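Student: Curious how this folds, go ahead:
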Amino acid sequence: MVGPSGAGKTTLLRSCNGTVPAAAGGVAINGRALSDMGERELRRTRSELAFIPQDLALVPELRVVANVLAGGFGRGGLLTALRALLKPRRADAQRAFELLQRVGVGDQLYKRSDKLSGGEQQRVAVARALFGGPRVLLADEPVASVDPERARDTLALLLELAREQGFALLVSLHNLKLARELFGRLLGLRRGRLLFDCAPEQLGPGELAALYALDPSEDEQRD
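Tutor: Predicted coordinates for the structure are as follows:
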């Protein structure tokens, strides 16, 4: 999903997992509207919709393993989450380690998260998102703070994991070049409206001009 700043990409992603109510229309999972779900059903549904925010939302003072285990908190209530954090089951700790190994930071299992590099923190956030076994992974600008080569590696890893584990992947990106290079389907969003939904090779200069053209009225609104 590509588009200029303020296009609504983050809002759309958060509407998809039910954390932001849709201002118009609605979101349905398997034909069931999120707005019709009770608290328990919504929590269970959200546990299948992993989300990686722009700031990664790791708890800096916690060890890496605890941050990964947090990816499973949506499956139970507060007491279950606290128990998992304070005394994790051996099977959960083993799964966390295996996921960290898969994303290339298995040796950082017991390190404090704020002692990791930006790239390592990204990979911990990916492992956390995968811990709950999601059916859908939503990622909001997951490579905004790293260099282009590391960004390409991280996105390629997400795509590889999606193919391996069979989950759907929706990513918002500012980097149009990487989006066209790596993804098979592009959604163009501007001012909350979908301008195109197509394969990269079908995207022409006209669509790109409409997506990123300067609009004086938008500048006035931001001022």
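
Student: And the helices in this protein?
Tutor: In the chain, the segments counted as helices under DSSP state H are 9-16, 39-46, 64-69, 78-86, 90-102, 118-131, 148-165, 176-182, 205-212, 216-222.

Student: weakest of those in terms of mean pLDDT?
Tutor: Of all the helices of the chain, mean pLDDT reaches its minimum on helix 216-222 (a mean of 50).

Student: Residue 8 contacts residue 188, doesn't it?
Tutor: No - contact between residue 8 and residue 188 fails when scored by Cβ atoms under 8 Å: they sit 11.5 Å apart. C-beta: built from backbone N, CA, C; applies to glycine.

Student: For the residue positioned nearest the centre of the chain, which residues count as its bridge partners?
Tutor: The residue lying closest to the centre of the chain (Cα atoms, centre = their mean) is residue 139, at 1.9 Å. As for beta bridges, residue 139 partners with residue 52, residue 171 under DSSP bridges.

Student: next one: residue 63
Tutor: residue 112.

Student: one step back: okay if I get the helices of the chain as JSON lines plus mean neighbour count and distance to residue 3?
Tutor: Below are these laid out as JSON lines (neighbours: other Cβ atoms under 10 Å; distance: least, Cβ to Cβ, whole Å):
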{"stretch": "helix 9-16", "mean neighbour count": "19", "distance to residue 3": "6"}
{"stretch": "helix 39-46", "mean neighbour count": "14", "distance to residue 3": "25"}
{"stretch": "helix 64-69", "mean neighbour count": "25", "distance to residue 3": "30"}
{"stretch": "helix 78-86", "mean neighbour count": "12", "distance to residue 3": "35"}
{"stretch": "helix 90-102", "mean neighbour count": "16", "distance to residue 3": "31"}
{"stretch": "helix 118-131", "mean neighbour count": "23", "distance to residue 3": "22"}
{"stretch": "helix 148-165", "mean neighbour count": "15", "distance to residue 3": "17"}
{"stretch": "helix 176-182", "mean neighbour count": "16", "distance to residue 3": "9"}
{"stretch": "helix 205-212", "mean neighbour count": "13", "distance to residue 3": "6"}
{"stretch": "helix 216-222", "mean neighbour count": "9", "distance to residue 3": "12"}
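
Student: Just send those back as JSON lines, with distance to residue 193 too.
Tutor: Listed next are these as JSON lines, based on distance: least, Cβ to Cβ, whole Å:
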{"stretch": "helix 9-16", "distance to residue 193": "11"}
{"stretch": "helix 39-46", "distance to residue 193": "26"}
{"stretch": "helix 64-69", "distance to residue 193": "36"}
{"stretch": "helix 78-86", "distance to residue 193": "38"}
{"stretch": "helix 90-102", "distance to residue 193": "37"}
{"stretch": "helix 118-131", "distance to residue 193": "28"}
{"stretch": "helix 148-165", "distance to residue 193": "25"}
{"stretch": "helix 176-182", "distance to residue 193": "18"}
{"stretch": "helix 205-212", "distance to residue 193": "11"}
{"stretch": "helix 216-222", "distance to residue 193": "13"}
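
Student: Could you say which one of these comes nearest to residue 194?
Tutor: Smallest distance to residue 194 across those (Cβ to Cβ): 9.3 Å, for helix 9-16.
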